[in-house]
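A.B. asks: Kindly return the folded structure for what I paste below:
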Amino acid sequence: MVYDWQDYRDVCYQMYIKERKALEEIMQYMREAYSFAPSKRAFQTQFRRWGFPSKQNPAHRNIDLVARVKELWEKNTTQRDMLRILNEEGYEIKERELMRVRAKNRWLLRVANGMKAAGTVEAPDATQATETAPDISPSEDQVAAATEPAAMVPALSSQVLAKRKERFDKLQAESDQRWQEKKRRRRTRGWAGMPADPPGPPRFPSETTLDESKVFLSLDNVMYRRVRDHFQRICNDSEIIKKTIAGPDKWQQAKDRLIQENAHLQNVFWTENTQLDAKALALDVICTDVTKRMRTMERRMTIAEAKNALGINPEQSRQVRNAFYSRLKADHFTSKLEAGDEHWNELKEEWMQGQPLLLGILAPGDADPDHPNKVKAVEVLCRDVMKRLRDDQTKRDPTKKDRDRLALSTEHPSAKKTTNKASAKRSNSLGNGISALASRALASTPITASSISDTQIDPSLLQAANDPSFAADQQRSPVTLSNYMPTTQTTSAEAPVAVYLRPHPRSQVYQTSKVWLGALSSRTVAELRSLLASKWPNASIVRVDGIEKGAGGQEISYLIEEDDELDAYLTHVQDRKATFVALMNQL
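C.D. replies: Sure, this is the predicted structure:
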């Protein structure tokens with residue numbers, strides 16, 4: 001079909017060039033206003049014939065815009081804030097264009113775990129995550145990184161090992177003593193290299209966990225967050241920052257207001273008139289934690305604030321943090337608590353002496369009115385590096401997650417010595433160490449199976465069902481096991497799952513091994529790794545992937561690190577072959 005374009009040249013020029021309308025908008029307008037409906041290709045061809053200038057104006061060619069982006073990057077401005085500021089200042093730039101400008105100039109914002117050198121590629125922002133799917137298969141860099149620690153990090157001397165063991169023994173002795181004297185809370189997870197405490201009911205209100213409180217109040221995760229946000233607004237309105245500072249009357253008024261303004265809590269407290277003491281205690285635990293988090297967040301300095309306080313840009317920050325990361329790695333550092341303040345300060349001092357940039361920033365000392373804030377900023381950066389190091393250690397040794405999880409079911413070392421004493425005294429300690437309110441609340445509150453399915457429960461409560469010492473204690477204790485477990489406990493053993501196992505072609509050992517058939521009796525990563533170790537001894541399992549055949553015959557891999565990931569994979573391939581590929585290194 002032939003169209004007469006000449007009558008529409010001016011209106012097209014006005015919309016396309018001056019008003020910078022999108023071609024789709026112009027097509028829709030021409031169709032509705034003039035019943036003129038050529039195809040998109042026809043519009044593009046005609047615009048070229050008319051000689052319309054190209055609308056393409058890459059952001060990286062705009063000198064002023066690029067300079068402004070660099071200024072914002074120097075101030076550690078996030079991608080989102082950078083985009084907002086630029087648009088408010090009149091620059092026409094979209095999110096993808098801004099990302100291209102930063103990538104082209106190597107103005108990276110995030111530091112990937114592993115504290116890689118400046119030449120590495122930036123970890124994707126949240127906005128980038130939707131644009132490209134990550135490559136799940138292990139790359140050459142990942143394989144090299146997995147083998148790097150053993151080759152580069154020297155072993156610790158016997159003197160250092162002895163010193164660390166001495167500190168660990170001291171921490172353990174102090175922990176055991178405070179536990180026996182009821183001067184510390186029950187630990188539900190590992191701490192400073194020590195396992196969790198023996199399972200048991202809360203001995204006093206402060207041992208009541210948030211997960212237990214969520215169950216008492218029948219809160220799922222969404223409602224739990226809403227309750228917390230609601231109470232935080234109430235605290236802000238009432239200028240409450242701490243329970244003890246507010247006083248009992250003002251604190252109770254705030255909780256009463258929360259109940260009055262929340263339909264779910266109204267139903268829990270007003271309609272269901274059972275176990276009110278337990279519910280009151282649970283609500284108090286949650287509200288207290290809200291104010292604690294408010295105080296923590298108010299004092300917390302973010303990474304961006306720390307870098308701005310020191311006056312360093314993201315690249316400078318990456319360099320100094322990478323140096324500290326290497327120092328911690330060479331020291332086989334695990335945590336500040338295990339190492340002690342003295343050793344932590346020694347490591348920081350050694351690192352600082354090799355950083356002229358930081359030495360110059362902190363050189364004025366007390367003469368600089370902002371010196372305390374800068375010292376705090378350095379500590380914030382150091383703590384973040386320490387956290388990233390621990391994350392990397394867990395990734396390089398995935399079994400560490402399983403060991404930490406299994407630590408919850410491992411008896412505390414001191415418990416072996418004090419089991420009989422603790423059993424004899426527990427009934428008395430429950431009466432003497434807990435308030436009347438908490439005692440009644442925790443001794444008489446059943447938890448339904450439906451409430452447990454909606455909320456994560458403290459592992460120690462679930463573990464208590466299989467702990468013989470705990471069951472024996474309950475014969476002498478007013479708090480019974482049935483108070484913590486569902487009334488309907490019907491369990492059925494899962495049938496073994498047949499699995500195929502094969503080595504990854506990039507493995508350092510057993511590359512030529514054939515496929516091996518095995519069976520999983522439980523859907524746990526620990527059992528899967530044990531199965532792999534029994535087949536391929538003298539090998540370090542670096543990575544395990546579940547494999548699925550795609551529609552085109554290609555293999556799709558799923559990284560398996562957690563039990564829930566393993567369960568999800570086995571469920572996904574329920575009626576097909578479950579195949580696992582293991583990347584292994586020489587021990």
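A.B. asks: From residue 223, how far off is residue 240?
C.D. replies: As defined by CB to CB, to the nearest Å, residue 240 lies at a distance of 22 Å from residue 223. C-beta here means a position set from N, CA and C on the backbone, and glycine is covered the same way.
A.B. asks: the more surrounded of those two?
C.D. replies: residue 240 (22 against 17; other CB atoms under 10 Å).
A.B. asks: and the longest strand belonging to the chain, which residues are buried?
C.D. replies: Of all segments of type strand in the chain, defined using DSSP state E, the longest is strand 539-549. Buried residues in strand 539-549, counted by 16 or more other CB atoms under 10 Å: 539, 540, 541, 542, 543, 544, 545, 546, 547, 548.
A.B. asks: for stretch 243-260, same thing?
C.D. replies: Under the neighbour-count criterion of 16+ other CB under 10 Å, stretch 243-260 has 243, 246, 251, 254, 255, 258, 259 buried.
A.B. asks: so, if you compare those, which one comes nearest to residue 386?
C.D. replies: residue 243 (31.1 Å; CB to CB).
A.B. asks: can I assume the closest one is in contact with residue 289?
C.D. replies: No. The criterion here is CB atoms under 8 Å, and residue 243 misses it with residue 289 at 10.4 Å.
A.B. asks: what packs against the helix or strand just after the longest strand of the chain?
C.D. replies: Note on strand 539-549: by DSSP states H and E, the next helix or strand toward the C-terminus is strand 555-559. Judged by 3 or more CB pairs under 8 Å, 6 or more residues apart in numbering; DSSP states H and E, strand 555-559 is in contact with strand 539-549, helix 563-572.
A.B. asks: follow-up on the earlier one: out of the buried residues of stretch 243-260, which sit inside strands?
C.D. replies: Per DSSP E, the subset of the buried residues of stretch 243-260 in strands is empty.
A.B. asks: Kindly reformat the residues you listed as a markdown table containing pLDDT.
C.D. replies: Formatted as a markdown table, the buried residues of stretch 243-260 follow (pLDDT from 0 to 100):
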| residue | pLDDT |
| --- | --- |
| 243 | 88 |
| 246 | 86 |
| 251 | 92 |
| 254 | 92 |
| 255 | 91 |
| 258 | 92 |
| 259 | 90 |
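A.B. asks: quick one on the thing from earlier: farthest-apart pair in the buried residues of strand 539-549, please.
C.D. replies: Maximum distance among the buried residues of strand 539-549 (CB to CB): 25.5 Å, for 540 and 548.
A.B. asks: To residue 583, which of the helices and strands packed on strand 555-559 lies closest?
C.D. replies: Nearest to residue 583 among those is strand 539-549 (4.1 Å), distances taken as CB to CB.
A.B. asks: tell me the mean pLDDT for the closest one?
C.D. replies: Per-residue pLDDT over strand 539-549 has a mean of 88.
A.B. asks: Just give me the neighbour total for residue 311.
C.D. replies: Residues lying near residue 311 (other CB under 10 Å) number 14.
A.B. asks: what's near enough to touch it?
C.D. replies: Residue 311 makes contact with residue 361, according to CB atoms under 8 Å, 6 or more residues apart in numbering.
A.B. asks: Look up how far residue 317 lies from it.
C.D. replies: In terms of CB to CB, residue 311 sits 11 Å off from residue 317.
A.B. asks: swap in residue 371?
C.D. replies: Residue 371 is 19 Å from residue 317, by CB to CB.
A.B. asks: Mind checking which of the two has more residues around it?
C.D. replies: residue 317 (20 against 15).
A.B. asks: name the element the more buried one belongs to?
C.D. replies: In the assignment (DSSP H and E), residue 317 maps to helix 314-330.
A.B. asks: again, but for residue 196
C.D. replies: Using DSSP H and E, residue 196 sits in no helix or strand.
A.B. asks: Repeat that for residue 580.
C.D. replies: strand 578-586.
A.B. asks: repeat for residue 337
C.D. replies: Counting by DSSP H and E, the element that carries residue 337 is helix 336-339.
A.B. asks: List the buried residues of that helix.
C.D. replies: Neighbour-count burial for helix 336-339 flags 336, 338, 339 (criterion: 16+ other CB under 10 Å).
A.B. asks: Counting by contacts, list what the one helix or strand residue 281 maps to packs against.
C.D. replies: According to DSSP H and E, residue 281 maps onto helix 276-299. Helices and strands touching helix 276-299, by 3+ CB pairs under 8 Å, 6+ apart, are helix 210-216, helix 221-238, helix 243-246, helix 248-260, helix 436-443.
A.B. asks: CSV for those helices, including distance to residue 346?
C.D. replies: Below are these laid out as CSV (distance: least, CB to CB, whole Å):
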stretch, distance to residue 346
helix 210-216, 36
helix 221-238, 40
helix 243-246, 37
helix 248-260, 44
helix 436-443, 44
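A.B. asks: Those helices: which one's closest to residue 18?
C.D. replies: Ranking the helices and strands packed on helix 276-299 by their distance to residue 18 (criterion: CB to CB) puts helix 221-238 first, at 46.9 Å.
A.B. asks: picking up where we left off before, so which of the helices and strands packed on helix 276-299 is nearest residue 351?
C.D. replies: Of all the helices and strands packed on helix 276-299, helix 210-216 sits nearest to residue 351, with 36.5 Å by CB to CB.
A.B. asks: Quick one: mean pLDDT over the closest one.
C.D. replies: Helix 210-216 shows a mean pLDDT of 82.
A.B. asks: coming back round to it: for the strand holding residue 580, which positions count as buried?
C.D. replies: Across strand 578-586, burial judged by 16+ other CB under 10 Å covers 578, 579, 580, 581, 582, 583, 584, 585.
A.B. asks: and what of stretch 92-104?
C.D. replies: Of the residues in stretch 92-104, 93, 97, 98, 99, 101, 102 count as buried by neighbour count, 16+ other CB under 10 Å.
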